[in-house]
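Asker: Give me coordinates for this.
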Amino acid sequence: MQPADKQTGKIISSIILVQGAILLYWFFTSDNFFDSMGFGALSSIGLLSWGLAALLVVGYVWGAAGISNVREHMFKLDPLKCLALFGALVSGFFEEILFRKILMDYLHELGAGTFTQIVVSGVAFGVAHLVWGGKAVSAAVNATFYTFFLGCGLAVIYIVSGRNLAICIIAHTLVTGLIEPGLIKSAVLNKLGYLKERTEPDDRVI
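Answerer: The predicted structure is shown next:
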C-alpha cells in the first residue's frame, strides 16, 4: 500500500472512531432509533423528494469526478474502498443527525423560517469541513465551498420530504461512498486547489 493510501486509511479510521462512538451513544440512548430517523416511513415519501435526492447525488458525484483520485477509486473495490464505504455509512448517519435533524429541528423550534434553516445548516456543514485544510488553504476553501451546497441540498430534501431524515442519510451515504477515499487522498497529496484540482500537485506525504 502506498504512503498516501496508508495516511488516507488512517484519516478515515479516525473519522469512523470519533463519529461512530457518538453515533453508538445516540443509538443506545434513543427509543426506536431507526424509526425516529424515518426509515419506517420511506414508502410514503413522494417522487419529488426522491428525484431531488437522485439529482443531488448524481450532480455532486459528477462534479467530484473531475478530481483524478476520485475517478480512480470510485469503483475500485479494495480494502481502502471497503473502509471508506463503512466510513460513508457512519458519516451518513452521524452528520445528517447533527446538521439536519438536531440543528434544523432546533432552529424550527426557535421559529426560524425554512430558508434560514437551510442556509444555516449548509453553512455549518461547510464550516465543519474546514478541517480539510490541514495541508493547504485551498483545500479548506474547496471543501467548505462544495460542502456548503451539498448541505443546503440535503437540507432542502429534509424539508421537502416532511423532515424524513432517512432519505438524507441514504443520499449522503451514496455521495460519500462514491467519492471516498479518492477525495481524502487528493487532500493528502495536496491536489485540491481553489475550486479545482492542482495541475502540479505536491506528492510528498507528511
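Asker: and the one helix or strand residue 128 maps to, which residues are buried?
Answerer: Element membership of residue 128 [criterion: DSSP states H and E] is helix 114-128. Applying a neighbour-count criterion of 16 or more other Cβ atoms under 10 Å, the buried positions in helix 114-128 are 117-122, 124-126, 128. Bear in mind the C-beta positions are built from the backbone N, C-alpha and C, glycine included.
Asker: Please produce TSV containing those residues, extended by pLDDT.
Answerer: TSV is the format used below for the buried residues of helix 114-128 (pLDDT from 0 to 100):
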residue	pLDDT
117	98
118	98
119	98
120	98
121	98
122	98
124	98
125	97
126	95
128	94
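Asker: longest helix in the chain, by residue count?
Answerer: Longest helix of the chain, by residue count under DSSP state H: helix 3-28.
Asker: Beyond that helix, next helix or strand please.
Answerer: Next along from helix 3-28, by DSSP H and E: helix 33-37.
Asker: what about that next one, distance to the chain center?
Answerer: For helix 33-37, the separation from the chain centroid amounts to 20 Å (computed by Cα atoms, centre = their mean, to the nearest Å).
Asker: So for it, mean pLDDT?
Answerer: Averaged over helix 33-37, pLDDT sits at 95.
Asker: after it, next one along is what?
Answerer: Toward the C-terminus from helix 33-37 - assigned by DSSP H and E - lies helix 47-64.
Asker: which other helices and strands contact that following helix?
Answerer: helix 137-160, helix 165-179 (3 or more Cβ pairs under 8 Å, 6 or more residues apart in numbering; DSSP states H and E).
Asker: other SSEs contacting the first one?
Answerer: Spelled out, that is helix 137-160. Looks like helix 137-160 contacts helix 47-64, helix 114-128, helix 165-179 (3+ Cβ pairs under 8 Å, 6+ apart).
Asker: Same question for the longest one: list its buried residues.
Answerer: When neighbours are counted by 16+ other Cβ under 10 Å, the buried residues of helix 47-64 are found to be 49-50, 52-53, 56-57, 60-61, 64.
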